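Student: Below is the sequence, then the predicted model.
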Amino acid sequence: MSSNMRGLTVFIADIRNCRVRELEEKRINKEMANIRAKFKDGNLNGYQKKKYVCKLLYMYILGWDIDFGHMEAVNLISSNKYSEKQIGYLGVTLLMHENNDLARLVINSIRKDLEELNEIYNCLALHAIANIGGREMAESLSFDVHRLLISPNSKSFVKKKAALTLLRLYRKHPDVIPATDWAERIIVLMDDIDLGVTLCVTSLVMALAQDNLEAYLGCYAKAVDRLTKIIVDKEYSLDYVYYKVPIPWLQIKLLRLLQYYPAPDDRNIRNKLHNVLQTIINNSQDAPKNVQHANAQNAVLFEAINLAIHLDCESQIVNQAAVLLGRFITSKETNVRYLGLETMSHLAACVDSLEPIKKHQDTILLSLKDKDISVRRRGLDLLYSMCDVTNAKAIVTELLRYLNIADYALREEMVLKIAILTERFATEYQWYVDIILQLLSTAGDHVGEVVWYRVVQIVVNNEELQEYAARTVLIHLRSPSCHENLVKVGGYILGEFGILIANISGASPMEQFNTLQSKFGMCSQPTKALLLTTYLKFINIFPEIKGEILSVFNRYRHVLDSELQQRAAEYMAIATMPADDLLQTVCEEMPPFPERESALLSRLHQKQSDTEDKRTWVIGGKDINKDRDTVRFSTLGSRSNSTDSKSKNETVSNGNNNNGNGELDFLHDLEGLDLSGQNGHATTSKPLPAGFITPGSERWFGKLLYNMEGVLFVDSQLQIGIKSEYHGHLGRFALYFKNKTQTTITSFTTVIEHVKNLLITTPQQPATLISPSGQIQQLFHIECQNLFNETPNIRISFISGTLHTIVLKLPIVLTKFMEPIELNGPEFFTRWKQIGGGSREKQTILQSNVPIDLQGLHSMISGFRYGILKGVDPNPYNIVGAGVLHTAQGGMIGCLMRLEPNVEAQMYRLTVRTTNESVTNKICVLMEPQLTNNSS
């Protein structure tokens, strides 16, 4: 009995003691029979099930097929003991695959463990999901995994596993994961205090952002901030320092993530990125202490150079990098040479001038002879990218010479690149023909159909090339070792243009026919079919050799191949007709091919397939990558909070009554702003639809249309105030954020949605943390470039327990850019008549919902930026105003208004005249609601 109940340790020892496979198989079969009997009898406790499942797993790991025990493993998952549950999960992940029918039986058990408060159980369930990862499991459990990821109660190690599990599910079933809905909540986790969580979440964001650029736009600023903290501010835990390089894996991922987006417009972000990249390059000057230090340092450096090239390939940092790359490609270390060549290929694919790279052309050509094939491949890529009209002949000649000894794995790619370079940079038609025919002769086996198709297309479309091509291909066909692809090209070209060389010595019709016929017997069936067509064309253009060709047709009418037999029979029938009309019609000269993109390029790009992380550039010149970026970023909206130029910001800041410290004074004034309003509606952590505005925020918006400062929003977590000033078409405003809770607000971000013709920039992003009862502020600059219709929205996100998102309308409207003017009576009425009525005038009669306050009306009209003209209207209760609307590009627009209040009837008559019809309507739309509900 004891021999049948041996423990797992004894069983493993027995297996290891088996010196031959027969003994091992005998012992395995004996144990499997014993376990099968035990499972069949039932009545096993948890410990026994665990022990027998462990034995089965050991046999499975050794390579033996296990076709039973799956249900026992599933049952162990439901155990309350960790050791039994662990073995159950191990059994499920090893013995089951995603299409296994039993996999759906464990979904409910996994969900139960995901909902447990025990973090260990959570992790076991996440491991199982990531390892099995079927569609049904993804559809059923992805939301539970996401809940664990975003829960403020989840431990760091659970968040890390949840992020990687979501990444696995998204890569396998991207349609199941609602990436855009979860974007905001996932991006917030990039600010997590635990760098391990940040690393895992960044991996997830990289995968999601590649397919959803717009939704994950917010990750850009967070990536820049995190890089600044790690590299510049040196804020990191010593646990994540790898050979004196702080968390290089996260640095590389963040640098790669930034390359998925276009260069930022925000000057503050640009400055931060410049500091980060410059610091990385400066750090690379330090001599590495050992190989590991060098590897980590170089990995970060090369990714930083790639980002610098992506941002601005003409920058000073890129110039420094070009010098470093020249040193790296001569390094003794294979890895460094590889990375140097690859990064220089990126530079060559984006830079305007290739001169700094051409300096290293001899070194790059030598890389084709490197002992490592990966280095040779990168050298080939770099030569392809750096080629232009000036060095094309030298590079193509060297590539053709190397083609004879190149690895077979490289030859097809080399053929494509040689063909593309020859076509793109050929300055002489003769050189093009010579190179292509030499290519077909040298590497015929590696020349795909697409290459000789392209040759034929170019020859047909260029009349001046046809005679030389026919003469040269005939010479190549007489070579003893002539590849079949060259025979195809020769057959096509001679059939079409052989008549052009028929009078040349050695190229008579009979000599052309004999040359092709000498290759006929060694060709494959498709090539023979093409040559039969060529012979038919010979009958049309060279009737003197008709007899010899008919004998060939007659012989091939009886072959077994149906294609050749049919062609020969039909061609025979056409050629022997009494009249030549049908023959001439069938054999008419081929018309030029329609101009289209070379199929060689698409074929080459297919060979350069993306990995899990999509390439942000392709091998080739700047034009190819520019077009590719245009397509990639076509769905990406304009960035908010952008800064176009330093001069604009300086112009606005200097407009504060010539106060040299205008911005500081302006922000300081916020401290006296009264934000003691009542609480508004609570914010939400759910994804917000497009066009959403936080409910209840309009109660403050109306008053701010004609006030320069006041409360913008208040709820239980946050108070927001605003203070603004405007001068002509320029303005600035400051937002003041106060934390009303007793906990720290984290991951605080603001994003302003773009409005056409209205430029809003910020000198710097706000702090990401607001201490309990603390406050921060953020300054914005505004420029009215032309008339705009929409009101800009600001999206505020932060974590206070859960994620909160507030979307508010900013009180920035056309009237803010008006300047009041002073007019006397005659001047006012003269301008009133000059503007005239019609579409430039709008008059409305309004019913006031509150008692009319005449003093308040004067304040409101002044707040709408009208200069109130006293003594112009005979009725002292009427209000007459005048102003000029300023825009940067649309010029100035005169605006006049007259308001006639009737206090007894509680009614108004509002008349507005401007020199622009749309401005008239817009001012009325802004003023009417405020007049009817005036509570000033």
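Tutor: Great, that's in hand.

Student: Burial check on the residue nearest to Glu544 when sequence neighbours are not counted, number of neighbours?
Tutor: Once flanking residues are discounted, Glu544 sits nearest to Pro509: 6.3 Å by Cβ to Cβ, 6 or more residues apart in numbering. The way it works is simple: take the backbone N, C-alpha and C, and place the C-beta from them, glycine included. Other residues near Pro509 come to 19 when the count uses other Cβ atoms under 10 Å.

Student: Tell me the spacing between Pro509 and Ile549.
Tutor: 10 Å (Cβ to Cβ, to the nearest Å).

Student: Give me the pLDDT for the residue nearest to Glu544.
Tutor: On the pLDDT scale, Pro509 is placed at 87.

Student: So if we follow the domain assignment, how does this protein break up?
Tutor: 524-591, 697-812, 815-932 (the TED database).

Student: Can you give me the end-to-end span of the first one?
Tutor: Which is domain 524-591. Domain 524-591 has an end-to-end distance of 27 Å (criterion: Cα to Cα, to the nearest Å).

Student: now swap in the second one and tell me
Tutor: With Cα to Cα as the measure, domain 697-812 spans 15 Å from end to end.

Student: before we move on, back to that, so what's the residue nearest to Glu544 up against?
Tutor: Gly498, Ala502, Phe538, Ile541, Phe542, Glu544, Ile545 (Cβ atoms under 8 Å, 6 or more residues apart in numbering).

Student: 7 Å instead?
Tutor: When contacts are counted by Cβ atoms under 7 Å, 6 or more residues apart in numbering, Pro509 touches Ala502, Phe538, Phe542, Glu544, Ile545.

Student: Could you do Lys50 as well?
Tutor: Lys50 sits next to Leu76, Ser83, Glu84, Ile87 when contact means Cβ under 7 Å, 6+ apart.

Student: which residues sit against the strand or helix carrying Val300?
Tutor: Assigned by DSSP states H and E, Val300 belongs to helix 291-311. With contact meaning Cβ under 7 Å, 6+ apart, helix 291-311 is reached by 242-245, 248, 251-252, 255-256, 258-259, 263, 273, 277, 280-281, 284, 288, 315, 317-318, 321, 336, 339, 343, 346-347, 350, 616.

Student: how about 6 Å then?
Tutor: 242-245, 248, 251-252, 255, 258-259, 263, 277, 280, 284, 288, 317-318, 321, 339, 343, 346-347, 350 (Cβ atoms under 6 Å, 6 or more residues apart in numbering).

Student: Just the buried ones out of the residues you listed, please.
Tutor: 245, 248, 251-252, 255, 258-259, 277, 280, 284, 288, 317-318, 321, 339, 343, 346-347, 350 (16 or more other Cβ atoms under 10 Å).

Student: Over to Asp388. Which of the three states is it?
Tutor: Following DSSP: H, G, I helix; E, B strand; the rest coil, the label given to Asp388 is coil.

Student: neighbours around it, how many?
Tutor: The local packing of Asp388 (other Cβ under 10 Å) involves 16 other residues.

Student: just Glu904 next, same as before
Tutor: Glu904 has 7 neighbouring residues, counting by other Cβ under 10 Å.

Student: Please determine how far it is located from Ile61.
Tutor: From Glu904 across to Ile61, the span is 96 Å (Cβ to Cβ).

Student: before we move on, what about Lys112?
Tutor: 28 Å.

Student: Which residue of these two possesses the greater neighbour count?
Tutor: Ranked by neighbour count (other Cβ under 10 Å), Lys112 and Ile61 place Lys112 first, with 14 against 10.

Student: coming back round to it: the domains of the chain: which one's closest to Val92?
Tutor: Nearest of the domains of the chain to Val92, taken as Cβ to Cβ: domain 697-812 at 33.0 Å.

Student: how far out from the middle of the chain is the strand or helix carrying Met137?
Tutor: Assigned by DSSP H and E, Met137 belongs to helix 135-150. With Cα atoms, centre = their mean, to the nearest Å as the basis, helix 135-150 stands 25 Å off its chain's centre.

Student: just stretch 356-368 next, same as before
Tutor: Distance, centroid of stretch 356-368 to centroid of chain: 31 Å (Cα atoms, centre = their mean).

Student: mind starting the numbering at 46 from now?
Tutor: Sounds good: first residue 46 from here, last item stretch 401-413.

Student: Any chance you could list what contacts it?
Tutor: Ala367, Gly371, Ile374, Thr375, Ala393, Val420, Arg421, Gly424, Leu427, Met431, Glu443, Tyr447.

Student: How much space separates the closest residue to Asn335 other than its chain neighbours from Leu384?
Tutor: Once flanking residues are discounted, Asn335 sits nearest to Tyr288: 6.8 Å by Cβ to Cβ, 6+ apart. Distance of Tyr288 to Leu384, computed by Cβ to Cβ: 17 Å.

Student: quick revisit: for the contacts of Lys95, I'd like a selection string for PyMOL - just the buried members, please.
Tutor: In PyMOL, this line selects whichever of the contacts of Lys95 come out buried by 16+ other Cβ under 10 Å:
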select buried, resi 121+129+132
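
Student: now, which of the contacts of Lys95 lie within helices?
Tutor: Among the contacts of Lys95, the members falling in helices (DSSP state H) are Leu121, Ser128, Glu129, Ile132.

Student: Could you dump these into JSON lines with distance to Tyr215 added?
Tutor: Shown next, in JSON lines, are the ones in helices among the contacts of Lys95 (distance: Cβ to Cβ, whole Å):
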{"residue": "Leu121", "distance to Tyr215": "29"}
{"residue": "Ser128", "distance to Tyr215": "32"}
{"residue": "Glu129", "distance to Tyr215": "32"}
{"residue": "Ile132", "distance to Tyr215": "29"}
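
Student: Taking the residues you listed, tell me the two that lie furthest apart.
Tutor: Pairwise distances across these peak at 9.5 Å for Leu121 and Ser128 (criterion: Cβ to Cβ).

Student: that older thread, now tabulate the contacts of Pro554 in TSV and tack on pLDDT, distance to Lys279 and secondary structure.
Tutor: Formatted as TSV, the contacts of Pro554 follow (pLDDT from 0 to 100; distance: Cβ to Cβ, whole Å; DSSP: H, G, I helix; E, B strand; the rest coil):
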residue	pLDDT	distance to Lys279	secondary structure
Ala547	87	80	coil
Phe583	89	80	helix
Phe587	87	83	coil
Glu589	89	88	helix
Ile590	88	85	helix
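
Student: closest to Ala266 among those?
Tutor: Nearest to Ala266 out of the contacts of Pro554 is Phe583 (Cβ to Cβ; 70.5 Å).

Student: OK, contacts around the closest one?
Tutor: Contacts of Phe583 (Cβ under 6 Å, 6+ apart): Ile594.

Student: got any ranges where the stretch 596-745 of the chain has weak pLDDT?
Tutor: Residue ranges of the stretch 596-745 of the chain with pLDDT under 70: 640-663, 665-736.
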